[in-house]
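Novice: Mind folding the following:
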Amino acid sequence: MARVAYNENDVNLVARMMRAEAVGEGRLGMLMVGNVIVNRMKADCLDFEDLRSIEDVIYQVQGGNYSFEAVQKGDMFYYRARDSEKKLARQVLDYWRQHPAQYALWYFNPYGQCPSTWFGQPFTGQYKEHCYYEPQAGTCESVYRW
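Specialist: Below you'll find the predicted structure:
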């Protein structure tokens, strides 16, 4: 059983976002970004309450900006997804999770050292240029469920 319900449009959206946010970090970097997308859909807490679809997650607006910078400024997000990227997207939608993104709800590229917290949330690790952060203990139990 898949981690979340999805359709072909969701596969395309996740694949495009994974490429736009992490193509320079290879297959594993793209999977980690995809994992954060799925975690946000499952979370239903903190900044991610009431997100019920992949589309809700991808196009979420916070503070007047899209949560994912690639939606607003990324040319790559608007290119058609390739088959290899769709395969990765299906993996992450179906089952894929790995540290440091396993329970992460946030990531960013600080162009330097990763801070120990990001908006008060603890640092879980770094993969190449991206730093990953999961919710503080006891604040978002749903992200830890399959």
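Novice: how about the helices in the chain?
Specialist: Listed in chain order, the helices found in the chain under DSSP state H are 8-22, 26-43, 54-58, 69-73, 83-94.
Novice: nearest residue to residue 71 other than its sequence neighbours?
Specialist: With sequence-adjacent residues excluded and distances taken as C-beta to C-beta, 6 or more residues apart in numbering, residue 71 is closest to residue 77, at 5.9 Å. The way it works is simple: take the backbone N, C-alpha and C, and place the C-beta from them, glycine included.
Novice: list the contacts for that neighbour?
Specialist: 16, 17, 19, 20, 68, 70, 71 (C-beta atoms under 8 Å, 6 or more residues apart in numbering).
Novice: With respect to the helices of the chain, which exhibits the lowest mean confidence?
Specialist: Comparing mean pLDDT across the helices of the chain, the lowest value falls on helix 69-73: a mean of 91.
Novice: Pull out the buried positions in it.
Specialist: Buried positions in helix 69-73, judged by neighbour count with 16 or more other C-beta atoms under 10 Å: 70, 71.
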